[in-house]
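*Asks:* compute the structure for the input listed below.
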Amino acid sequence: MSPKQKTKKAAKKRFKLTGTGRVLRRHGMKSHNLEKKSQKRKRAFRSDQPVAGADTREVKRLLGR
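*Replies:* Got it, this is the predicted structure:
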């Protein structure tokens, strides 16, 4: 019996897997210099974004899926 695949904890903290198998990520650019960014732009940072298709396979591997 081979050993179990371990989850990379750094990836677990940054990505979320949906029920349908899509991978979501948080926005960058929302930690400082917020005065010059519009309210509309800052509001958009709150929502989770899907990970790019090219990166999805690698992120799932890091999550042990």
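*Asks:* count of neighbours near residue 51?
*Replies:* Close neighbours of residue 51, defined as other C-beta atoms under 10 Å, add up to 19. The C-beta positions use only the backbone N, C-alpha and C, and glycine is treated the same way.
*Asks:* grab the nearest non-local neighbour of it.
*Replies:* Counting by C-beta to C-beta, 6 or more residues apart in numbering, residue 23 is the residue found nearest to residue 51 once chain neighbours are left out, at 4.3 Å.
*Asks:* wait, doesn't that neighbour sit right on residue 50?
*Replies:* Yes: the pair residue 23 and residue 50 passes the contact test of C-beta atoms under 8 Å, sitting 6.8 Å apart.
*Asks:* the more surrounded of these two?
*Replies:* Ranked by neighbour count (other C-beta under 10 Å), residue 23 and residue 50 place residue 23 first, with 24 against 11.
*Asks:* need the contact list for residue 29.
*Replies:* If you count contacts by C-beta atoms under 8 Å, 6 or more residues apart in numbering, residue 29 has them with 37, 45.
*Asks:* roughly how far does it sit from residue 59?
*Replies:* Computed as C-beta to C-beta, to the nearest Å, the residue 29 to residue 59 distance reads 20 Å.
*Asks:* just give the nearest non-adjacent residue to the residue nearest the centre of the chain, would you?
*Replies:* Against the mean C-alpha coordinate of the chain, by C-alpha atoms, centre = their mean, the closest residue is residue 25 at 2.1 Å. Leaving aside its sequence neighbours, residue 25 sits nearest to residue 51 (C-beta to C-beta, 6+ apart; 5.2 Å).
*Asks:* could you do residue 11 as well?
*Replies:* Distances taken as C-beta to C-beta, 6+ apart place residue 62 nearest to residue 11, at 3.8 Å, with adjacent residues excluded.
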